[in-house]
Structures are given as structure tokens and as C-alpha cells.
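Visitor: here is a sequence with its predicted model. Questions after.
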Amino acid sequence: DGGITQSPKYLFRKEGQNVTLSCEQNLNHDAMYWYRQDPGQGLRLIYYSQIVNDFQKGDIAEGYSVSREKKESFPLTVTSAQKNPTAFYLCASSAYGGEAFFGQGTRLTVV
Amino acid sequence: KQEVTQIPAALSVPEGENLVLNCSFTDSAIYNLQWFRQDPGKGLTSLLLIQSSQREQTSGRLNASLDKSSGRSTLYIAASQPGDSATYLCAVRHSGQNFVFGPGTRLSVLP
């Protein structure tokens, strides 16, 4: 089955802790994206990558980091510098100019 | 900077009605436009992708149109069903490959 897999579905973070959200795709897409969704708000772009070993900041990159060592994988780390990390995180991928596909999301909660 | 708006913000209709959701964007130099649906707590599901050279796309009971010059797209849903209840989002893409999302229209179809 082709698609995008995000894990875990739910994640809890303690104050001062870094956590990593996983995103894997088997669609052979070059581009991958991370979005943040807050209640009542639209999707905001955190980071995107159009090719392996290259990525760019989106609108709200502060407090987040990413890597793109493999075409299939684009993990997102939420660092302790992110002061308000509680949100729903969505990963997406697409071919160049093509249809975008999304994972099922990870809900991160600070405890 | 591209801005995307969606009207109405929420819509409640009885089952069987035909309905239209609207999406407007400020910069008409788009590469394509995509419509998604999002169920509560879930990721986004792609509905239709319209390339900038196209005027409309159809999939089952869904029809999406695009008027680039006026910065508008509409999603037409025929014979609505309770299972259509979800939030519908449009997203525009420029040649830089990033998407800009609208805030969504929350649709409720009452049995």
C-alpha cells in the first residue's frame, strides 16, 4: 500500500524535552513537508524539503529542526526552544507539481 | 504574499442538497489548486487537483472549477450525504512548490 505514515499518533512531551516525530513515505516523492495545525487555525508550514539533504524553513520554523537523509524519511524534532508545542502535526509529500498526500497526523501534548 | 480565504466558514444543510464551497486567492500566478477534506482528528484526504491550465475537474459527486484570472475556485458537491460532513480545505501552489492553505469550511450534512 502506497502512502505516508506518521508515528506516533499521540506524543507527550515534558518541559525541556526534545521529541522527534516520524514521517515515512513510499510514494517515491521528492518533496516532503511539515505543517502545524492549531484549533480553529489553518495549516502553517514549518519546514519543507524538495530533495535529499536539502530543506528550507517555512513560516514557523523557530524551535523545530528536520533532516532529510533519505528520500523516504523526513523526521521533525520539536526542541525545548519551542515554547508552545501542543498542536496537531501533519506531514505531506508530493511529486514535482503533483498532487499532495498527507499522513494521519501526530498529536503532541506538553505535560 | 498569497492569501487564501474560504467562504462560508461553516455550513449546515439537509441531506440531498447540492452545495457550493468557495475558495479565493489574492495572487493569480498559481501552479495548481487542490481541494482536501479533513475529518476530526485526522489527516487531510485529497479530493481534486486542478492544474493552472485546467478549468475544472470532476470525481464522482464532486466538481471543482478554477478561474485563475478572478482568483477563485469552487467545489460543488451534488446530492450531499451525512458522510460528506467534514472540513473542506483548498490550497494553492506556486512554482516554488509550497502550498498556501485556506482556513477551511466546516460542513455538516443533516440526515
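Guide: Sure, I can see it.

Visitor: and the next helix or strand past the helix or strand harbouring A:S49?
Guide: Under the criterion of DSSP states H and E, A:S49 resides in strand A:43-51. Using DSSP H and E, the helix or strand that follows strand A:43-51 towards the C-terminus is strand A:54-57.

Visitor: report all helices and strands that the host helix or strand of A:Y35 contacts.
Guide: Element membership for A:Y35, per DSSP H and E: strand A:31-37. Under the contact definition 3 or more CB pairs under 8 Å, 6 or more residues apart in numbering or on different chains; DSSP states H and E, strand A:31-37 sits against strand A:19-25, strand A:43-51, strand A:87-94. C-beta coordinates here come from the backbone N, C-alpha and C atoms, glycine included.

Visitor: quick one: the longest one near chain B?
Guide: Read that as strand A:43-51. Yes - using CB under 8 Å from any CB of the partner chain, strand A:43-51 comes into contact with chain B via A:L43, A:L45, A:Y48, A:Q50.

Visitor: with neighbour count, distance to A:N84 and pLDDT added, can I get these in JSON lines?
Guide: JSON lines is the format used below for the residues of strand A:43-51 next to chain B (neighbours: other CB atoms under 10 Å in any protein chain shown; distance: CB to CB, whole Å; pLDDT from 0 to 100):
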{"residue": "A:L43", "neighbour count": "25", "distance to A:N84": "16", "pLDDT": "93"}
{"residue": "A:L45", "neighbour count": "20", "distance to A:N84": "17", "pLDDT": "94"}
{"residue": "A:Y48", "neighbour count": "24", "distance to A:N84": "21", "pLDDT": "95"}
{"residue": "A:Q50", "neighbour count": "17", "distance to A:N84": "28", "pLDDT": "93"}
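
Visitor: how about the residues of chain A by chain B?
Guide: Counting by CB under 8 Å from any CB, chain A sits next to chain B at A:6, A:31, A:33, A:35, A:41-43, A:45, A:48, A:50, A:58, A:88, A:90, A:92, A:94, A:96-105, A:107.

Visitor: list the residues that contact the residue most central in space within chain A.
Guide: Geometric centre of chain A, nearest residue: A:W34, 3.3 Å, by CA atoms, centre = their mean. When contacts are counted by CB atoms under 8 Å, 6 or more residues apart in numbering or on different chains, A:W34 is found next to A:21, A:23, A:45-48, A:58, A:64, A:66, A:74, A:76, A:89-91.

Visitor: before we move on, what about B:P103?
Guide: Contacts for B:P103 (CB under 8 Å, 6+ apart) come out as A:Q41, A:G42, B:V4, B:T5, B:Q6, B:A9, B:L89.

Visitor: now the strand holding A:S49 - C-alpha only, PDB.
Guide: Extracted as PDB, the C-alpha positions of strand A:43-51 are listed here (Å, rounded to 0.1, in the frame of the first residue of the first chain):
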ATOM      1  CA  LEU A  43      -2.200  24.800   8.400                       C
ATOM      2  CA  ARG A  44       1.100  26.600   8.900                       C
ATOM      3  CA  LEU A  45       4.300  25.400   7.200                       C
ATOM      4  CA  ILE A  46       7.200  24.500   9.500                       C
ATOM      5  CA  TYR A  47       9.800  23.000   7.100                       C
ATOM      6  CA  TYR A  48       9.900  21.600   3.600                       C
ATOM      7  CA  SER A  49      12.400  19.600   1.600                       C
ATOM      8  CA  GLN A  50      12.500  19.300  -2.200                       C
ATOM      9  CA  ILE A  51      15.400  16.900  -2.400                       C
END
